[in-house]
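Trainee: sequence and predicted structure, then a few things I'm wondering about:
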Amino acid sequence: MRSTYYKPQNGTNCTYTKLKASGQTTAMPQKPQKSAQTAHYIELGSYQYWPVLVPRGIRLYTYEQIPVFLRENPYITDGYRAYLPSRLCIKSLFILSNETVNIWSHLLGFLLFFFIGVYNMATVLPAIGASKEDYVIYSIGLFCFQLCMLCSVGYHLFCCHRSEKTSRRWLALDYAGVSIGILGCYVPGVFYTFYCNNYWRQVYLVTVLAMILAVFFAQIHPHYLGKQWKQMRSLSFCLVAGFGLIPTLHWICLTGGFSSELVQAFVPRILGMYFIAALALIFYVSKVPERYFPGQLNYLGSSHQVWHLLLVLMFYWWHQSSCFIMAYRHSEPCPNAPHHD
Ligand SMILES: [Zn+2]
C-alpha cells in the first residue's frame, strides 16, 4: 500500500506540495504563480540552473522523493515525474523530465515505421511485384514494430501515475510490447528465408508464434509483475531472441551452405541484427554510462535512452533486410520449383 501522494492546492497563488511519507506530513511552498506554467530549474550535465517550464500541478522529484515502485535506477538522481493523475501524465509529454527522451524516441520511432509502411506499400511493394501474401507479411512485421513502440511510449508516459497498479500495468504492457516487436522480426524473417520450403516455414512460424504467445501472456500476467521476476523476464527475452539462431543455421544448411549467394548476402544482415540486439541489451542491463556519472546524465545520455535508440535502429535494420530478401524472392525463382512465382 502506498501512503505517499501529491496534491496541488488550487485556487491560491501558492502551490504547496504535500508529501506524506511514513506518517509524516511536510508542506513545501513554491514560488507564487499566475500562469498555467511555472519555471523550474534543473541540473543539466554540470550546469545546475537550466530553466524549464512545467505545467501547473507537475513538479520534478529526486530519486529519494519518488515512490519505491519507481526506483529502478539510482544513478538517475533527479528529474522524476511522480504522483500524477492520467491527465497530467499526458501533459507531461511536453516538459523536460528524465523520461522525455525515452518517450519521444519511441514516439518518433512509431511515426517512422508508420510512414515507412505507407510509403513502401504505395511505391516499393508494387514495384517488386508483391503478391497479397507479401502485403500481409510486410504489414504484420511493421505493425508489430509500431505496437512495440506505442507500448513503450505508454509506459514511459504513465509510469509516473499516482496509482502503483496503473504504473505496473503499463510496465507489463511495455514488456509485452517487446515480445510483439520480436515477433515482428521473426514473421518476415522466417517467411522469406524458408520461402522455398513450405514444411519448415510452417514448423518455425508455429513454433515462434507459440513461444512468443507464452512469453507475451507471462509478461502481462499480474503474477509475474514483481521485481523478483525481473531476471527471468530478461532471460525469457534472450531465449526467445536467441532461438532464432536455430532456424538460421538450419536455413544455411538447406540453402547450400556458405557457397550460396543468398546465404552470403543475408547472413551478415542476421548477424548485424544480433549485434545491435546484444549491444542494446548490454546498455539496458549494465546501466552504463550513468553508472560512472551519477546525476549527470539524468536528462540526456542515459543507458535506457541508448537502449531505445538501438531498438529503433534494430527494427529499421531488420525491416530493410526483410525488404531485401522479399525482393530477392521475386527476382530469383526457387531452385526446386522453377515455375514458382
Ligand atoms: Zn523503455
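Mentor: Perfect, I can see it now. What you see is a predicted model, and the numbers here were worked out from it, not measured in a lab. Numbers count the residues shown, from 1 in each chain.
Trainee: who does the helix or strand residue 165 falls within touch, helix- and strand-wise?
Mentor: Per DSSP states H and E, residue 165 falls inside helix 164-193. Under the contact criterion of 3 or more CB pairs under 8 Å, 6 or more residues apart in numbering; DSSP states H and E, helix 164-193 touches helix 132-158, helix 198-220, helix 230-242, helix 245-255, helix 261-286, helix 303-331. For every residue, glycine as well, the C-beta is placed using N, CA and C.
Trainee: buried sites along the fifth one?
Mentor: If I follow you right, that is helix 261-286. 262-263, 266-267, 269-270, 273, 276-277, 280-281, 283-284 (16 or more other CB atoms under 10 Å).
Trainee: ditto for the longest one
Mentor: For helix 303-331, the buried set under the neighbour-count rule, 16+ other CB under 10 Å, comprises 303-312, 314-319, 321-323, 325-330.
Trainee: lowest-pLDDT helix or strand in this structure?
Mentor: strand 16-21 (a mean of 36; mean pLDDT, DSSP states H and E).
Trainee: any idea how far residue 177 is from the spatially closest residue to residue 154 that is not a sequence neighbour?
Mentor: Distances taken as CB to CB, 6 or more residues apart in numbering put residue 170 closest to residue 154, at 5.5 Å, once the chain neighbours are dropped. The gap separating residue 170 from residue 177 is 10 Å, by CB to CB, to the nearest Å.
Trainee: joint contacts of those two?
Mentor: residue 155 (CB atoms under 8 Å, 6 or more residues apart in numbering).
Trainee: those two: who's more crowded?
Mentor: More neighbours surround residue 177 than the other of residue 170 and residue 177, with 25 against 22 (other CB atoms under 10 Å).
Trainee: the more buried one is in contact with residue 148, isn't it?
Mentor: Yes. Using CB atoms under 8 Å, residue 177 is in contact with residue 148, at 4.4 Å.
Trainee: in contact with residue 63, which residues?
Mentor: So residue 63 contacts 71, 74, 76, 77, 78, 80 (CB under 8 Å, 6+ apart).
Trainee: pick out the most distant pair among those residues.
Mentor: 71 and 78 (13.0 Å; CB to CB).
Trainee: who's more crowded, these two?
Mentor: Shown here are residue 71 and residue 78; by other CB under 10 Å, residue 78 has more neighbours (17 against 12).
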